[in-house]
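> Mind folding the following:
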Amino acid sequence: MSVDKVAKNKAVYITYSIVDSLGNVFEQMDMPVGYIHRADSGIFEKVEDALEGRAVGDRLEVVLTPEEGFGAYQPELTFTDDIDNVPPEFRHLGADVEFTNDRNETIMFKVTRIADGKLTVDGNHPMAGQTVTFKVDVVSIRDALPEEIASGRPDDSNFTTLH
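Reported below is the predicted structural model:
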């Protein structure tokens, strides 16, 4: 009996948590999440590299620098304005605000601060600029179907992009 290993064009199911440098859990997925290995699935490259050759039951930790993970913090993606210039539906912490630039690209911002009559929005990922650890458990591996390879995700998965 052969043991399936994580390899190109395999449907791989994992559970994971993303932990910051202080040990705080940023995101945790206890239900298996699937992706197609080496099929441009959107999983972080260093995590995918670490999963190569692993088997069901394997557990691993992968440390990602900002450059390997959620990117460097970009101060130019933070804007502060008078709260009176902001529509009322966005005047609360955590509100998502969508902006479109002059190249018709859409960027999501989050309201991160309200103080002294000013409101601040931030377009950076919440983990931008931070080194994080992915703690990954391999739950299941199978051969992927051609249409799954083309899409980068299993048809029977609640796939979530890992970034």
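> chain center to the least confident helix or strand in the chain by mean pLDDT: distance?
Lowest on mean pLDDT, DSSP states H and E among the helices and strands of the chain sits strand 96-100, with a mean of 90. When C-alpha coordinates are averaged (CA atoms, centre = their mean, to the nearest Å), strand 96-100 and its chain have centres 19 Å apart.
> immediately after that strand, which helix or strand?
Using DSSP states H and E, the helix or strand that follows strand 96-100 in sequence is strand 106-115.
> buried set for that following strand?
Across strand 106-115, burial judged by 16 or more other CB atoms under 10 Å covers 109-112, 114. C-beta here means a position set from N, CA and C on the backbone, and glycine is covered the same way.
> go on, stretch 27-37?
Quick answer for stretch 27-37 (16+ other CB under 10 Å): 32-37.
> what do you get for stretch 136-148?
In stretch 136-148, counting by 16+ other CB under 10 Å, buried: 136-139, 141, 144, 148.
> tell me the secondary structure for the closest residue to residue 38 other than its chain neighbours?
Nearest residue to residue 38 in three dimensions, chain neighbours excluded: residue 8, at 4.1 Å (CB to CB, 6 or more residues apart in numbering). Recorded secondary structure, residue 8: coil (DSSP: H, G, I helix; E, B strand; the rest coil).
> go on, residue 69?
Residue 69 is classified as coil under three-state DSSP.
> And the pLDDT at the nearest residue to it once chain neighbours are set aside?
The shortest distance from residue 69 to any non-neighbouring residue, by CB to CB, 6+ apart, is to residue 132 (5.5 Å). Per-residue confidence (pLDDT) for residue 132: 98.
> Equivalent analysis for residue 149, please.
In this model, residue 149 carries a pLDDT of 93.
> doesn't it fall inside a strand?
No: membership of residue 149 in a strand is not supported by three-state DSSP, which gives helix.
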